[in-house]
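In: Please work out how this folds:
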Amino acid sequence: MSEREIARAVADGELRRLQRNRFVAESVWSDLWPESRHLVELSAAAAEMRAGGGVAAYESAGVLHALPFYRHIPDAVHFTLPSSRGMPSRPGLRRHRDRLPDDHIDVLFGIRCTSLERTVFDLVRTLSPEAAIAAADAALRQVAMRKDGYDEAAAEAWRERMIELCGRSRGMRGIRQAEAAIRFVDGRSESPGESVSRLQLSRLGFRRLMLQVAVPGPSGKDYSVDIEIEDVRTFFEFDGKGKYLDEAMRSGRTLEQVLLDEKRREDWIRGGTQKRLVRAESAHIVTPEALAQRLSAFAVRPPRR
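Out: This next block holds a predicted model:
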C-alpha cells in the first residue's frame, strides 16, 4: 500500500496505527481479547526497536508468558532498560529504568522479556489485587501443574523464591501487596474467575478453601469442583460463559446437551455429598459485597470479620 492509501485506510477506520510503520486491520483487532491485542501492540513496538532497545516487562512480558489480564487493559507497551540509559517514554510506550540480572531475562518468540518469576514480581506489585492474583495463579500453574497432578513441592519452592525476591526489594513500589499476593497464590485455580472468586471469599472471612475437590461420580470417574468452602460445607463454582457458548469448549456437544450434563452433574454432587453448591458468574465476584449478596441467596452467610 502507498502512504496515501495507508493514510486513507486509517482515516476510514479500516487500519489501526500501532507504531510509526506498523498497522493492523480493524476487522482483526476488533475480534481480539485484551491479551491478544497487547501481544499485537508488543510485536509492533519490538519490530520498530533497534537491537538492545530494552527488555519487554510488566504486562508486555505477561502476554509473552501467556498470563491473563483480569479486568485490566494495558495502556502502553512496557520495556525495561538499564538505569544508565535515559530514553523517555511516549504515548503507547513506557520505558522503565532498572538493571535486570541475567537470570531475570528470557527470550520468547524472539523477543527479550523478563523471566516468568520477575514478570510476576512486577505484576503483583503494580496491578490491582484481583488482576495480580489472577496472573500469579496462572504463573504458578505453569510451574507446578503436572500431567499427574499438582506438585506441592515445586509450588512451595517457587513461593519461597518469590518471597525472597520481595525481601531483597524492600523500598520498591507495591512490595507489601506483592508479598500478600505471593502468600495467597495457588496454581490449582484454573481460570481468572476462580482466582478472583477465591480472593473475594477470603475477603469475606472464609479461611478453609479447598481447590479442585474431587467428588466420586456415578461411572467411577471423579467430578472436580472448583472450590469447597469447608467453613460452611458448601461447594462453589465459577460459571464462565465459555463452557456454554464456546463451541471448542463444548467438545462437539450442543448447548442443550451441555446444560443437561451440568444439571445431572450438579444433582449428583448435591445428592451424594449433602452439601450446597453455589454457582457465581463474573458480575457476582466484582466485589466482596456482590459475592456476599450472591451467597446469601443460597443461605450462605460469611463469618463475622
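In: Identify each buried residue in the longest helix anywhere in the chain, please.
Out: For the chain, the helix that runs over the most residues, judged by DSSP state H, is helix 255-273. Neighbour counts using 16 or more other CB atoms under 10 Å place 258, 265-266, 269, 273 of helix 255-273 among the buried residues. From N, CA and C alone the C-beta is placed, and that goes for glycine too.
In: Next, format those as a markdown table and append distance to Ala153.
Out: Output for the buried residues of helix 255-273, formatted as a markdown table (distance: CB to CB, whole Å):
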| residue | distance to Ala153 |
| --- | --- |
| Val258 | 37 |
| Arg265 | 32 |
| Glu266 | 34 |
| Ile269 | 30 |
| Thr273 | 30 |
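In: ok, back up a step: as a whole number, average confidence for the longest helix of the chain?
Out: Average pLDDT, helix 255-273: 87.
In: Okay, now the unreliable bits of the stretch 51-200 of the chain?
Out: Low-confidence segments of the stretch 51-200 of the chain (pLDDT under 70): 51-53, 83-88.
In: for it, what spans make up the strands?
Out: 55-56, 77-81, 93-97, 105-108, 111-114, 145-146, 149-150 (DSSP state E, counting those that start in this stretch).
In: Just want to check the distance between Arg276 and Ala47.
Out: Using CB to CB, to the nearest Å, we find Arg276 at a distance of 53 Å from Ala47.
In: out of the two, which sits in the more crowded spot?
Out: Arg276 (17 against 12; other CB atoms under 10 Å).
In: Quick one, grab the pLDDT at Gly240.
Out: 73.
In: okay, now it: neighbour count?
Out: If we define neighbours as other CB under 10 Å, then Gly240 has 17 of them.
In: give me every residue that touches it.
Out: 191, 193, 281-282 (CB atoms under 8 Å, 6 or more residues apart in numbering).
In: now the residues you listed as CSV including distance to Met162 and neighbour count?
Out: Compiled in CSV, the contacts of Gly240 are given as follows (distance: CB to CB, whole Å; neighbours: other CB atoms under 10 Å):
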residue, distance to Met162, neighbour count
Ser191, 21, 17
Gly193, 23, 24
Glu281, 31, 12
Ser282, 28, 16
